[in-house]
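Chemist: Starting from these lines, generate the structure:
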Amino acid sequence: MIRFRIFFALALLFAFSLGNAANFTSTHGKLSVSGGKILNKNNQEIVLRGMSLYWYNGPWQGGQPGNQFYTSSVVSDVANNWNANVIRAAIGDKNVNMAKSMMDWANSAGIYVIIDNHSHNAHNETSNVQNFFRDVSAYVREKGYTHVIYEIYNEPVCQDGSSNNNCTTTTWATIKTFAQSVISTIRANDADGLIIVGTPYYSSNVAAPRADPLSGKNILYALHFYAGTSGHSNYRQSLKAAYCAEFPVFVSEWGTSEASGGGSINTSNSNTWLSLLEAAKVSHANWSLSNTNESSAALTGTSITASGGTTASGTYVRNIFKLNTGSSLSSVGLTQETIDCSQEVPDGPDGRLPFYTNGSLANFASKSGADSIEYRASSWGLVNKSPTFTADYTFVGIQSPGTYLIRFNYGSTANGTISWSGSGISGGQVQITSTGSLSTLQYTEKLLLTVTEAPETPLHLSFNMPSANTLNAVNVYTRMPDSLDSIEFNIPTPVKKPMMSSKRWNFDAAAGAFIFEETGGFLYIYNLRGERKALFPASGKVSLKGLPAGAYLAVYKRGSESHRKTIFLK
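Modeler: Sure thing, here's the model as predicted:
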């Protein structure tokens, strides 16, 4: 009998330790952020893996198909039957009572809850958002809750509040100002609760806040991706860069489908993404716990119990949550990945960052007003309707002045030119040659672009073609400065550390000369086409007056050290 009691007690203990729902929050307690990671009450790294509910009273959902899943039984089921350890309440109407209910239900289920202000327009309704999170955080203080995470801005999109790409993209500077006011409101009631802040362009640009972060503790930055959208794979590079910089990221929304919620689910891309998230110890919430008519929806019916009712996406994600109970990566289809931080990781797709339009493609206009720009469903392209036309873009992701690579992806039936200009950037021109058809795409040569104002520097493009309907300009790409070693000309390869003190080499713009306080090394001068124009011993005063006026890249190399500056000669 005694042996039976001991065995029974051990069995209960084992079941309790594996069961996710009943004890996860009590085991891990109040969370904090340190070194880019989420830590539990014992300062141990943890990863939150869970589900996001669909919009609660969102503006676009006729009949509010997601509201029916905002119940205590759903929260309990996603914790007990799915083994999720976090649930996201995507509240679209700032309903404080629903936020309180979600906090209560998650507390009973023993999992963390994200109270998400599910908005694309939060910066234009700051006072309403402050009131919402004032009430939410006051309830947290009243109940003594330690399991609540605040997400103050879901996906910033448009400066004017629209969300259909017919807009000027909301800048990080605007988001930061908004976030500071809302965070101060929360901190009045909850001094150290976790706060997630949305990032520019549908929460895809974590490079922007990394260059200019918010002050304060326990703040994370949102990165959203959809595995079925090919362009979103590019965000992985920014996630790696954030990881290597120990910059805290929370993937508060991701999907197995396309960003629209439609299309087929992409298991392969999902596995690649989640393997990276696991390597970086990044927490995440899948979109969405609903039965909406979208392939991203996890449910087929109105129940999420262990008996079934899951879509292909729901089945996939539910399997991933086995990681919360101690399953191995391989057992759920993921691979062990190591992120190499020995070399600096550039932001953007394979080191490139796209320019997004300053408005929709319909906002591109010709000098004469006779041109029209077509939306190309397959490529986000624009097609000229007259020989000469213009287009305006806005930098997204370039947050500091510097020298960058620039190139264009295009299809053309004739030769022509693309010129660029803008306040705070060096102008230039590139020749384009016929590719045979508008649908046959290729890149132009790589050129150097100097940016003296950031972030969100505007770029003005002028296209000159022999006739109408000859050019399909698809995308503009850049590379970050630390990728200059990838150029196929002989710029000395820079190193991340040590960085030379600016006191050791100063540029006197008035004199057009460099002043070196130490002897040794060489000074290389390149034009913006990457061509080396001069080479000097780095000693004393080095005059550049012999070079034509314009912008140059100066590279100072001394021993194993290398550093660069952008200079302007008058």
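Chemist: which residues sit in contact with L276?
Modeler: R236, L239, K240, V282, E337, I339 (C-beta atoms under 8 Å, 6 or more residues apart in numbering). In this view, the C-beta of every residue, glycine as well, is placed from N, C-alpha and C.
Chemist: Now intersect the residues you listed with the helices, please.
Modeler: R236, L239, K240 (DSSP state H).
Chemist: What is the burial count for the last one?
Modeler: Okay, so that is K240. Using other C-beta atoms under 10 Å, K240 has 19 neighbouring residues.
Chemist: Distance of N293 relative to L329?
Modeler: 32 Å (C-beta to C-beta, to the nearest Å).
Chemist: Which residues does stretch 504-523 contact?
Modeler: Taking C-beta under 8 Å, 6+ apart as the rule, stretch 504-523 contacts 503, 534-545, 554-559, 561, 563, 565, 567-570.
Chemist: tell me which residues in it are buried?
Modeler: Across stretch 504-523, burial judged by 16 or more other C-beta atoms under 10 Å covers R504, W505, F507, G512, A513, F514, F516, G521, L523.
Chemist: Determine which two of these are furthest apart.
Modeler: Maximum pairwise distance among the buried residues of stretch 504-523 (C-beta to C-beta): 20.0 Å, between G512 and G521.
Chemist: What part of this structure, helix or strand, is modelled with the least confidence?
Modeler: Least confident helix or strand, the chain: strand 352-357 with a mean of 30, by mean pLDDT, DSSP states H and E.
Chemist: For the closest residue to F250 other than its chain neighbours, which residues count as its bridge partners?
Modeler: Nearest residue to F250, sequence neighbours excluded (C-beta to C-beta, 6 or more residues apart in numbering): L220, at 4.2 Å. Beta-bridge partners for L220, by DSSP bridges, are I196.
Chemist: Next one, pLDDT for L220 please.
Modeler: Listed pLDDT for L220 reads 98.
Chemist: I figured it hits G198, correct?
Modeler: No - at 10.7 Å, L220 does not count as touching G198 under the criterion of C-beta atoms under 8 Å.
Chemist: quick one, which of those two is more surrounded?
Modeler: Using other C-beta under 10 Å as the criterion, L220 and G198 rank with G198 on top: 33 against 23.
Chemist: how close does the residue nearest to that one when sequence neighbours are not counted sit to T174?
Modeler: With C-beta to C-beta, 6+ apart as the criterion, G198 has its nearest non-adjacent residue at 3.6 Å, and that residue is Y153. As for Y153, its distance to T174 is 10 Å (criterion: C-beta to C-beta).
Chemist: Please say which of those two ends up with more neighbours.
Modeler: Counted by other C-beta under 10 Å, Y153 and T174 do not tie: Y153 has more neighbours, with 25 against 16.
Chemist: wait, what's in contact with that one?
Modeler: N117, S119, A122, H123, V129, I175, F178, A179, V182, V197, G198, A222.
Chemist: Kindly report the same for F321.
Modeler: F321 touches N20, R49, G50, W82, N83, A84, counting by C-beta under 8 Å, 6+ apart.
Chemist: Confirm it sits in a helix?
Modeler: Yes - counting by DSSP: H, G, I helix; E, B strand; the rest coil, one finds F321 located in a helix.
Chemist: tell me the SS of the nearest residue to it once chain neighbours are set aside?
Modeler: Excluding the flanking residues, the one nearest F321 by C-beta to C-beta, 6+ apart is N83, at 4.5 Å. Under three-state DSSP, the three-state class of N83 is coil.
Chemist: wait, isn't N83 in contact with N324?
Modeler: Yes - counting by C-beta under 8 Å, N83 touches N324, with 4.8 Å between them.
Chemist: Could you give me the buried positions within whatever helix or strand F133 lives in?
Modeler: In this assignment (DSSP states H and E), F133 forms part of helix 126-143. Buried residues in helix 126-143, counted by 16+ other C-beta under 10 Å: V129, Q130, F132, F133, R134, D135, V136, S137, A138, Y139, V140.
Chemist: Which member of these is positioned nearest S412?
Modeler: For these, the nearest to S412 is V129 (46.6 Å; C-beta to C-beta).
Chemist: Look at the closest one and report its pLDDT.
Modeler: At V129, pLDDT is 98.
Chemist: which residues touch it?
Modeler: K94, N117, S119, A122, I152, Y153, F178, V182.
Chemist: and what of S419?
Modeler: Contacts of S419 by C-beta under 8 Å, 6+ apart are G427, G428, Q429, V430, L461, S462, N464.
Chemist: again, 6 Å this time
Modeler: Contacts for S419 (C-beta atoms under 6 Å, 6 or more residues apart in numbering) come out as Q429, S462.
Chemist: ok, what's across the strand from it?
Modeler: Taking DSSP bridges as the rule, S419 bridges to Q429, S462.
Chemist: Look up how far H460 lies from it.
Modeler: Taking C-beta to C-beta, one finds S419 at 9 Å from H460.
Chemist: ok, back up a step: switch the buried residues of helix 126-143 over to a markdown table; also include distance to S434.
Modeler: As requested, the buried residues of helix 126-143 are exported to a markdown table (distance: C-beta to C-beta, whole Å):
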| residue | distance to S434 |
| --- | --- |
| V129 | 52 |
| Q130 | 56 |
| F132 | 56 |
| F133 | 56 |
| R134 | 61 |
| D135 | 62 |
| V136 | 59 |
| S137 | 61 |
| A138 | 65 |
| Y139 | 65 |
| V140 | 63 |
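Chemist: circling back: wait, which of the contacts of V129 is closest to S275?
Modeler: Y153 (28.2 Å).
Chemist: which stretch of helix or strand covers the closest residue to S137 other than its chain neighbours?
Modeler: Sequence neighbours aside, N189 is the residue nearest to S137 in space, at 3.7 Å (criterion: C-beta to C-beta, 6+ apart). Per DSSP H and E, N189 falls between elements, in no helix or strand.
Chemist: I'd say N189 and D135 touch.
Modeler: No - counting by C-beta atoms under 6 Å, N189 does not reach D135; the two are 9.2 Å apart.
Chemist: What count of nearby residues applies to the residue nearest to S137?
Modeler: 17.
Chemist: for the one 4 residues further on, same thing?
Modeler: Around G193 there are 23 other residues, counting by other C-beta under 10 Å.
Chemist: Next: Y201.
Modeler: For Y201, using other C-beta under 10 Å, the count is 22.
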